[in-house]
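**Q** A structural model of the following input is requested.
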Amino acid sequence: MKLKTTFKALAAVAALTSASLSFAADIDMNADVNDVAIQGYDTVSYFTNGKPMQGNAEYTATYKNAIYHFSSESNRDLFRANPAKYAPQYGGYCAMGVALNKKLDTDPTAWRIVNDKLYLNLNHAVQKKWLTDVPGNIQTAEVNWPEISSKTVAELNAE
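**A** All right, here's what the predicted structure looks like:
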């Protein structure tokens, strides 16, 4: 009897582990422990409203296994139609950090749209540095991203 109960418990744990892994945000996406991207901000609002707006869990979409929140149904639908257009560059990691071979978190209020692409930074102080050479920093980040995108934050910190 105990063996049967133990087997059921192990099967349940395996199923839960498998389910949680299948929904974990991709390694190249910056998401919180609940797989929510950019701290729940509406990524479409940067383009449509010209400013960051907090999203609502009522309107969600997934992209690369990260969950995006939107302030309206129409913004969610715009994202679903073309997620690559609206998703932040470098998986939502700090653009300056990527230029420096790092994966850093971001402040959704430290942002810029450049050539119709959304870039986020760690904070406003880092963004100020990033803004001193936007084309150069983007060029460097574009070279670095393919190499660091498949590494975890812990792996990069160990280097």
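**Q** Look at A9 and report its pLDDT.
**A** A9 carries a pLDDT score of 42 in this model.
**Q** and what of the one 4 residues further on?
**A** Model confidence at V13, expressed as pLDDT, equals 38.
**Q** switch to numbering from 43
**A** All set: I'll call the first residue 43, so the last point we hit is now V55.
**Q** where do the helices sit along the protein?
**A** With DSSP state H as the criterion, the chain has helices at 44-65, 87-90, 115-123, 125-128, 137-141, 166-172, 176-190, 195-200.
**Q** average pLDDT for the fifth one?
**A** For helix 137-141, the per-residue pLDDT values average out at 98.
**Q** Mind listing residues that contact it?
**A** Contact with helix 137-141 is made by 131-132, 145-146, 161-164, 168-169, 171-172, 179-180, 182-183, 186-187, 190, as judged by Cβ atoms under 8 Å, 6 or more residues apart in numbering. Backbone N, C-alpha and C define where each C-beta goes, glycine included.
**Q** Please list all residues in contact with the residue most central in space within the chain.
**A** Per Cα atoms, centre = their mean, the C-alpha nearest to the average position across the chain is that of N72, at 3.3 Å. Counting by Cβ under 8 Å, 6+ apart, N72 makes contact with 79-80, 108, 133-135, 145, 147-148.
**Q** For the buried ones among the contacts of helix 137-141, write the corresponding ChimeraX selection.
**A** Of the contacts of helix 137-141, the buried ones go into a single ChimeraX selection, burial set by 16 or more other Cβ atoms under 10 Å:
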select :131,132,145,146,161,162,163,164,168,169,172,179,180,182,183,186,187,190
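**Q** For L146, give its distance to Q96.
**A** 21 Å (Cβ to Cβ, to the nearest Å).
**Q** domain parsing for this protein?
**A** For the chain, automatic domain parsing gives the domain ranges 65-129, 130-201.
**Q** By mean pLDDT, point me to the weakest helix or strand of this structure.
**A** helix 44-65 (a mean of 41; mean pLDDT, DSSP states H and E).
**Q** Sketch out the low-pLDDT regions of the chain for me.
**A** Across the chain, the ranges flagged by pLDDT under 70 are 43-65.
**Q** one more time with 90
**A** For the chain, residues meeting the criterion pLDDT under 90 lie at 43-69, 195-201.
**Q** Which residues are in contact with I69?
**A** Taking Cβ under 8 Å, 6+ apart, one finds 191-194 in contact with I69.
**Q** Let's have those in JSON lines, adding neighbour count and distance to S87.
**A** As requested, those are arranged in JSON lines below (neighbours: other Cβ atoms under 10 Å; distance: Cβ to Cβ, whole Å):
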{"residue": "S191", "neighbour count": "16", "distance to S87": "25"}
{"residue": "S192", "neighbour count": "11", "distance to S87": "30"}
{"residue": "K193", "neighbour count": "16", "distance to S87": "30"}
{"residue": "T194", "neighbour count": "11", "distance to S87": "29"}
